[in-house]
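Q: structure for the following, please:
(4 chains)
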2 protein chains.
Amino acid sequence: MKLDPRHLEILAAIVDHGGLTEGAEALGKSQPSVSRTLSQLETRVGAPLFQPGRRPLQPTELGAMLADQGRAVLKASRASSDIVDRYLTGHAGLVRVGGTPIFMDGVISAMIAMFQQQMPDVRVDQSYGYAAELTGKLRNGTIDMVILPLQQETVPEDLAFQPILPGLNVIACRTGHPLTRKKLVTPDEIARYSWIAPPADSPLYQDLRRALTNIGAEDFRISFSGGSLASVIEVLSGSDSLTVLPYSVVFMMREKVAITALSLEIGHPDRALGVLVARARDEIPALRRFRSFVVAQFESLSRRIAKQQSDRLWR
Amino acid sequence: MKLDPRHLEILAAIVDHGGLTEGAEALGKSQPSVSRTLSQLETRVGAPLFQPGRRPLQPTELGAMLADQGRAVLKASRASSDIVDRYLTGHAGLVRVGGTPIFMDGVISAMIAMFQQQMPDVRVDQSYGYAAELTGKLRNGTIDMVILPLQQETVPEDLAFQPILPGLNVIACRTGHPLTRKKLVTPDEIARYSWIAPPADSPLYQDLRRALTNIGAEDFRISFSGGSLASVIEVLSGSDSLTVLPYSVVFMMREKVAITALSLEIGHPDRALGVLVARARDEIPALRRFRSFVVAQFESLSRRIAKQQSDRLWR
DNA sequence: CAGTTTCATAACTTCGAGATATATAATGTC
DNA sequence: GACATTATATATCTCGAAGTTATGAAACTG
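A: This is a model prediction of the structure:
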């Protein structure tokens, strides 16, 4: 005996609201419709579901049990509506975001924390990689969005790139480092210190090489390499070693850890940090929200960086 | 966003059976029907519920969550079918049975225990009373069935009476009572012992009076009255008092407690024990089952009584 | 025993779920 | 990489059921 779950819902509504009229109203249906559904259900079941004749309509034993099941259906129904609503408004869902390790650890993860204050039910899956792997994952749908520095001209046709911050690298060191006392740092002075190198396959490593070439420091000693940001920061703040980091990372971290940037131009890479998504794939609402949030956060970050730099000029 | 619970069921079936075809089969529907329902659901929701293109069909985050709700609906649906089936076959339900105290305690309650061995989910509500109240409750639907001794001619039109045992009362006493040693008991001998009287408004009390009148014992001492069967039995088996009980009660109890019946005819009341139900009201399946069970039990009891009596004749 | 409320019935319309037949897409195989 | 196979989507039709309004019949109210 297969019963229509909607009929069970209706039965539950009648029982819970104490009458056909009230039940119909609660369900947004007409009273005759509900009445007929009930009588159909009763013929179907082959037994009365309500005490006959009694005016404050009272369910039979069987009616009460089926109404219990109807309540379960109603609950699942409501839960479904809720799930869908939360999904469509971007309050729930899964966002798989990839990016270069330093940026993810240094900037994005803090933004994720802020985002999840507002959207606690959006789950974020983070993964690390560089341009080649990340675009691959983007194309095969393994991740939804990538944050990485890229030359705008090299962006493939099938991907959309939205720049959010100009590429700006700096030489970073611990606060109180001997070089921070100098107003102008010369290449010779820099050459005295050893370097913390990012992984050899990272764009940042290329940046480091180019920066050193630019300032004329041909050979340099590497004292530590292969670490992710947490290790780099530890070594950096506990030694006199130098490294190259995106300025945004130094800026974000400067209040939490004792690192700073040297006043030495090392030449901008011709890349811009940006958000990359697949054109074909349309974003789920949570992703759209997250992307907007990240973009807005970077705008705010830009402004704060600009303000800090003009403040420093006046000092 | 209101979703049809049936659609959620279908979604759950697809997810659980790993495909449209399998899901359709499990639901007993055609594949196109299920396919269209799914695509409708997706347009309704406004988001894909399955990963596009993947062959071992895999739900999206949202699809999986909605499928969970669908499973809940499916569960309620199955539970409902189960409830109805059990109800219709009389394996579940509520039976409200009333009767005269002595019969209920002495005979029926043991039958209820046996019945519930087979039908553990049939709930039995027992209530006590005499003819007037019981027929009243039967008429207003407070109880479903009554077991009581009645003159067949006095049965009202709107009630149906099914006799199950001829009325036969006996004088009961403890086993080993002095009177049990006599082959023939005279009224004089009886007059020496005091009586345990049933409640004054009970038919059994009338029977007691008539019996004593019949055997010529005009005045008699009452040593205990007002007790229900458990008390009566206690007093009876712990003293030399006598009482009048239906033979069926003595027969049922004789192996558990030390009571027996005297070999003295006291004249049959012109009543028969039977089952009374309201004609208008149609019985729920559990009641029908219970009634049949009780009737069958009494048939068996009749046979056992007859057998015991013929055995005694030969002794 | 009115008046009011609540439920049942009637007649009709519309929408959707079911079916079969068939096209299209994905997957496995040689 | 082409082909066979299986799985899913689409087209078209039919029928049932759920919705509507209008109205009749009970059952509580005072």
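Q: helices or strands up against the helix or strand harbouring A:I305?
A: When elements are assigned from DSSP states H and E, A:I305 belongs to helix A:285-314. Under the contact definition 3 or more Cβ pairs under 8 Å, 6 or more residues apart in numbering or on different chains; DSSP states H and E, helix A:285-314 sits against helix A:61-88, strand A:93-99, helix A:109-118, strand A:122-128, strand A:145-150, strand A:159-166, helix A:247-253, strand A:272-278. C-beta: built from backbone N, CA, C; applies to glycine.
Q: what about A:V170, helix or strand, and which?
A: A:V170 belongs to strand A:169-174 when assigned by DSSP H and E.
Q: ok, then the element right after that strand?
A: helix A:187-191.
Q: from the chain's centroid, how far away is that next one?
A: Centroid displacement of helix A:187-191 relative to its chain, using Cα atoms, centre = their mean, to the nearest Å, is 41 Å.
Q: any buried residues in it, and which?
A: Within helix A:187-191, the residues scored as buried using 16 or more other Cβ atoms under 10 Å in any protein chain shown are A:I190, A:A191.
Q: one more: stretch A:233-240?
A: So, applying 16+ other Cβ under 10 Å, buried residues of stretch A:233-240: A:I233, A:V235, A:L236, A:S237, A:S239.
Q: out of the residues you listed, who's nearest chain B?
A: Relative to chain B, the closest of the buried residues of stretch A:233-240 is A:I233; by Cβ to the nearest Cβ it sits at 34.2 Å.
Q: in the stretch 51-200 of chain A, what residue comes closest to DNA strand C?
A: Nearest residue of the stretch 51-200 of chain A to DNA strand C (Cβ to the nearest atom of the strand) works out as A:L57 at 4.4 Å.
Q: using CSV, lay out the helices and strands packed on helix A:285-314 together with mean neighbour count and mean pLDDT.
A: Shown next, in CSV, are the helices and strands packed on helix A:285-314 (neighbours: other Cβ atoms under 10 Å in any protein chain shown; pLDDT from 0 to 100):
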stretch, mean neighbour count, mean pLDDT
helix A:61-88, 21, 93
strand A:93-99, 22, 93
helix A:109-118, 14, 95
strand A:122-128, 16, 94
strand A:145-150, 24, 93
strand A:159-166, 17, 91
helix A:247-253, 21, 92
strand A:272-278, 21, 92
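Q: out of these, which is closest to B:I215?
A: Comparing the helices and strands packed on helix A:285-314 by their distance to B:I215 (Cβ to Cβ), the top pick is helix A:61-88, with 49.2 Å.
Q: can that closest one be found next to DNA strand D?
A: No - Helix A:61-88 lies out of reach of DNA strand D by Cβ under 7 Å from any atom of the strand, never closer than 13.1 Å.
Q: counting by contacts, list what that helix packs against.
A: Contacts defined by 3+ Cβ pairs under 8 Å, 6+ apart place helix A:61-88 against helix A:5-17, helix A:285-314, helix B:5-17, helix B:31-45, helix B:61-88, strand B:93-99.
Q: anything in it near DNA strand C?
A: No - with Cβ under 7 Å from any atom of the strand as the criterion, DNA strand C is not reached by helix A:61-88; the gap is at least 12.0 Å.
Q: quick one: that helix to strand B:122-128, angle?
A: Per axes from the mean of the first three to the mean of the last three Cα atoms, to 10 degrees, the angle that helix A:61-88 makes with strand B:122-128 is 140 degrees.
Q: what residues are up against the residue in the stretch 151-300 of chain A that chain B sits nearest to?
A: Closest residue of the stretch 151-300 of chain A to chain B, Cβ to the nearest Cβ: A:I284 (6.7 Å). By Cβ atoms under 8 Å, 6 or more residues apart in numbering or on different chains, the contact set of A:I284 is A:Y87, A:G90, A:G93, A:L94, A:V95, A:D144, B:A47.
Q: nearest to B:M1, of the residues you listed?
A: B:M1 has its nearest neighbour among these in A:Y87, at 9.9 Å by Cβ to Cβ.
Q: so how far is A:K75 from that closest one?
A: Distance of A:Y87 to A:K75, computed by Cβ to Cβ, to the nearest Å: 18 Å.
Q: for whichever residue of the stretch 201-315 of chain A sits closest to DNA strand C, give me the backbone phi and psi.
A: Proximity of the stretch 201-315 of chain A to DNA strand C (Cβ to the nearest atom of the strand) peaks at A:A280, 12.5 Å away. Main-chain dihedrals, A:A280, degrees, to the nearest 10: phi -60, psi -50.
Q: so it sits against A:P156, correct?
A: No - with contact defined as Cβ atoms under 8 Å, A:A280 does not count as touching A:P156 (11.8 Å).
Q: domain assignment for chain A?
A: The record assigns chain A these domain ranges, following automatic domain parsing: A:5-88, A:93-167+A:271-314, A:169-261.
Q: just so I know, which of those lies nearest B:L165?
A: It's domain A:5-88; of those, that one is closest to B:L165 (Cβ to Cβ) at 30.0 Å.
Q: and the end-to-end length of that closest one?
A: Terminal residues of domain A:5-88 lie 26 Å apart, using Cα to Cα, to the nearest Å.
Q: over to stretch A:166-184?
A: End-to-end distance for stretch A:166-184: 24 Å, by Cα to Cα.
Q: not counting its own residues, what contacts that stretch?
A: Contacts for stretch A:166-184 (Cβ under 8 Å, 6+ apart): A:149, A:185, A:189-190, A:193, A:204, A:207, A:211, A:236-248, A:250, A:258-264, A:266, A:268-273.
Q: tell me which residues of that stretch come out buried.
A: Going by neighbour count (16+ other Cβ under 10 Å), the buried part of stretch A:166-184 is A:G167, A:L168, A:N169, A:V170, A:I171, A:A172, A:C173, A:R174, A:H177, A:L179.
Q: can I get the helix or strand of chain A with the lowest mean pLDDT as CSV, trimmed to CA atoms?
A: The weakest-scoring helix or strand in chain A, judged by mean pLDDT, DSSP states H and E, is helix A:187-191 (a mean of 82). Only the C-alpha atoms of helix A:187-191 are listed here, as CSV (Å, rounded to 0.1, in the frame of the first residue of the first chain):
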residue,chain,number,x,y,z
PRO,A,187,73.7,46.1,-3.4
ASP,A,188,77.0,45.5,-1.6
GLU,A,189,75.4,45.7,1.8
ILE,A,190,72.7,43.3,0.6
ALA,A,191,75.3,40.8,-0.6
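Q: what about the following helix or strand past that helix, average pLDDT?
A: Counting by DSSP H and E, the element after helix A:187-191 in chain order, helix or strand, is strand A:195-197. Across strand A:195-197, pLDDT averages out at 93.
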